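In: Predicted structure and sequence below. I'll ask about it afterward.
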Amino acid sequence: MITFDDVEKSYPDGTVAVDGLTLEVPTGTLTVFVGPSGCGKTTSLRMINRMIEPTRGRVLVGGRDIRDEDPRILRRGIGYVIQHAGLFPHRTVVDNVATVPRLLGASRKQARATAMDVLARVGLGEELAQRYPAQLSGGQQQRVGVARALAADPPILLMDEPFSAVDPVVRKELQQELLRLQSVMAKTIVLVTHDIDEAITLGDRVAVLRPGGVLAQYATPEELLTAPADEFVAGFLGAERGVRLMSFFSSADLPLRTQPVVTQRDAERVDSGRWHLVVDDDKRPLGWTNGPGRSESSSVGRTFVPGHDSLRAVLDAAVLSPSGHAVAVDGDGRVIGVISGEEITAAARSLHSSRQSGLDSPARTGKPR
Ligand SMILES: Nc1ncnc2c1ncn2[C@@H]1O[C@H](COP(=O)(O)OP(=O)(O)OP(=O)(O)O)[C@@H](O)[C@H]1O
Ligand SMILES: [Mg+2]
């Protein structure tokens, strides 16, 4: 666990970079610091590995005040990844990654073996190991940066805008890669970004900082989207807050209708102008029809499995469907029923208001621990 206890960092010129920060990052979870430029994200992060010392308050790692630790020993347990990867340009990829194990006393051979192992874990093949950083793409360089931070297998990982220098597609790939790695590594990670989407995608918890280095809200992504603490947080979450929130709602208990689902034979007798879903004898969807003799006239598009897909995915399916309905199937792909876009948004609204009243109740207020 990493604990900030009323931490302040001010500079002689009067700038207050971080103002009274108090929060806990539970062991094995990923916390994101997010906020506009200059709000103190990097400063807060660097106070965890003592690259910056607070002017007031304490930072504790595993319950111990880090002022009592030798910074070099402290940093052995803390990997650090920065934007543009910060690789040594004159060392090969494998040597970049092997640097930390070497510093920790591993033999050359051992260190290289460790390096090859972590490179594979972040999705980089052997063929890239002998290249120099300049011979890699931006996304590959970031992966090397992550590999280097992981090479000593530190329990804590600090990441300062690790994916902000790569294009949006690679960025999404790297985010998914990090989530996959974290699901097996369970490190204690603090990641800084100014991208709220990245924060919501990656964070178990998200700390929203406002200018002046003040914590505006510290909550799970779902709690942030459901109940932003104030106008600043709501504004920062952006105009698509409602749709983003829908990705946290389950499609498990949606009211499904079976009435517009017909067999191929019955499809010959349906009324014109109304959409029907045609299924085969095994209940697998064939297509939408809006008149007799036009069976399978429009493709079904994407189906959803109740309880598996989010409401956001269900709404997406409905919007793209010719009939305005999303099609629910069981695990074997057999149709269970359909639901309209209006019914999906109604379900989302009712889930939202029940969560909101849940958040307002005394049992759920206060900082998540
Ligand atoms: N040595 C310094 N002297 C005075 N002010 C400083 C110093 N270092 C940082 N600051 C100020 O502290 C504030 C917080 O800086 P910090 O780098 O933590 O912001 P940030 O949230 O990481 O911003 P960005 O998103 O742009 O990286 C800024 O206003 C910055 O100008
Ligand atoms: Mg910064």
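Out: Happy to help now that I have it. Ligands and ions are numbered 1, 2, ... in the order given.
In: Now residue 63: closest residue in space, sequence neighbours ignored.
Out: Spatially, and ignoring its direct neighbours in sequence, residue 63 is nearest to residue 1 (7.0 Å; C-beta to C-beta, 6 or more residues apart in numbering). Using the backbone N, CA and C atoms, a C-beta is placed for each residue, glycine as well.
In: which residues touch that neighbour?
Out: Residues near residue 1 by C-beta atoms under 8 Å, 6 or more residues apart in numbering: 24-27, 60-63, 188.
In: Also residue 75?
Out: 49-50.
In: Out of the contacts of residue 1, which comes closest to ligand 1?
Out: Nearest to ligand 1 among those, counting by C-beta to the nearest ligand atom, is residue 25 at 17.1 Å.
In: Name the residues of the chain found near ligand 1, please.
Out: Proximity of the chain to ligand 1 (C-beta under 6 Å from any ligand atom) is limited to residues 11, 13, 15, 17, 37-43, 194.
In: Next, format these as CSV and append neighbour count and secondary structure.
Out: Listed next are the residues of the chain next to ligand 1 as CSV, based on neighbours: other C-beta atoms under 10 Å; DSSP: H, G, I helix; E, B strand; the rest coil:
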residue, neighbour count, secondary structure
11, 10, coil
13, 5, coil
15, 13, coil
17, 21, strand
37, 7, coil
38, 14, coil
39, 24, coil
40, 27, coil
41, 26, helix
42, 20, helix
43, 23, helix
194, 17, coil
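In: got JSON lines for those, with pLDDT too?
Out: Formatted as JSON lines, these follow (pLDDT from 0 to 100):
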{"residue": "11", "pLDDT": "95"}
{"residue": "13", "pLDDT": "95"}
{"residue": "15", "pLDDT": "95"}
{"residue": "17", "pLDDT": "97"}
{"residue": "37", "pLDDT": "93"}
{"residue": "38", "pLDDT": "93"}
{"residue": "39", "pLDDT": "95"}
{"residue": "40", "pLDDT": "96"}
{"residue": "41", "pLDDT": "96"}
{"residue": "42", "pLDDT": "96"}
{"residue": "43", "pLDDT": "97"}
{"residue": "194", "pLDDT": "90"}
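In: Which pair of the residues you listed spans the longest distance?
Out: The distance between the two most remote of those (C-beta to C-beta) is 23.5 Å, for 13 and 194.
In: shouldn't residue 251 be in contact with residue 306?
Out: Yes. Assessed by C-beta atoms under 8 Å, residue 251 is found in contact with residue 306 at 5.0 Å.
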